[in-house]
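Chemist: Below is the sequence, then the predicted model.
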Amino acid sequence: MKRVAEALGVSRSNLSEKARGKTPSRGPYMKAEDDALLPLIRGFVDERPTYGYRRIAALVNRNRAQQGLPPANRKRVHRIMQRQGLLLERRTARRQGRAHDGKIMVMRSNLRWCSDGLEFSCWNGDVVRMAFIIDAFDREIIAWTAVCGAGISGSDVRDMMLDAVESVSGQ
């Protein structure tokens, strides 16, 4: 066996294990207290079917703490729930596409406002930045502000909002 192992460049223990055949697997991991935890877990799952194993483990541990028992590991709760088929289905697919088609339906004016901002460069190189508030019903611009050469500040936006509220309440 030694000469064969040297010729193949493997260890003798590896070669002898291969010659003996496969070693038996150790089987599923079970603890004696798993049977005691199962009715408690099943009760919580029946009460709250949307809870996953982490929340169920928290409920189990809260219950065990009230009884003066040591907490159960959440991986152990997961294993028990997995064996009994109590785990939630995994979310596999996300929604495809957009749920909103971009059309905003409003029944009358001043129910919903939208805002946007833009910037453009002039021929002389100056940059003009503009922000506006538009009514979603009649597409009328309620208020706007523009700044040349600088960014639009928060106070500019607040003043624009005040102008919009004043223009609507003044009608």
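Modeler: Cool, the structure landed. Owing to the predicted nature of the structure, the values given are computational and were not obtained by experimental measurement. Numbers count the residues shown, from 1 in each chain.

Chemist: Would you point out the helix or strand in this protein whose mean pLDDT is lowest?
Modeler: The weakest-scoring helix or strand in the chain, judged by mean pLDDT, DSSP states H and E, is helix 12-20 (a mean of 83).

Chemist: Next SSE downstream of that helix?
Modeler: helix 34-47 (DSSP states H and E).

Chemist: Show the secondary-structure elements that that next one is packed against.
Modeler: Judged by 3 or more Cβ pairs under 8 Å, 6 or more residues apart in numbering; DSSP states H and E, the packing partners of helix 34-47 are helix 53-66, helix 74-84. Heads up, the C-betas are built off the backbone N, CA and C, glycines and all.

Chemist: Low-confidence stretches in the protein?
Modeler: For the chain, applying pLDDT under 70 flags the ranges 171.

Chemist: change it to 80
Modeler: Applying pLDDT under 80 to the chain picks out residues 1, 21-30, 32, 91-105, 170-171.

Chemist: Please name the nearest non-neighbouring residue to R129.
Modeler: Nearest residue to R129, sequence neighbours excluded (Cβ to Cβ, 6 or more residues apart in numbering): E119, at 4.4 Å.

Chemist: Sheet partners, orientation included, of whichever strand or helix holds that neighbour?
Modeler: Using DSSP H and E, E119 sits within strand 113-121. Next to strand 113-121 in the sheet, as set by DSSP bridges, lie strand 127-135 (antiparallel).

Chemist: from the chain's centre, how far out does the helix or strand following the strand it pairs with sit?
Modeler: Sequence order places strand 141-148 as the next helix or strand after strand 127-135, per DSSP H and E. Chain-centre distance of strand 141-148: 38 Å, with Cα atoms, centre = their mean, to the nearest Å.

Chemist: hang on, the earlier thing: taking strand 141-148 as reference, get the angle to the strand holding E119.
Modeler: In terms of direction (axes from the mean of the first three to the mean of the last three Cα atoms, to 10 degrees), strand 113-121 departs from strand 141-148 by 30 degrees.

Chemist: Counting residues, name the longest helix you see in the protein.
Modeler: Ranked by residue count, the top helix of the chain under DSSP state H comes out as helix 154-169.

Chemist: Of the helices and strands packed on helix 34-47, which is nearest D156?
Modeler: With Cβ to Cβ as the criterion, D156 lies closest to helix 53-66 of these, at 47.1 Å.

Chemist: contacts for that closest one?
Modeler: For helix 53-66, the external contacting residues (Cβ atoms under 8 Å, 6 or more residues apart in numbering) are 37, 40-41, 44-45, 48, 51, 70-74, 77-78, 81, 87.

Chemist: Much appreciated, bye for now.
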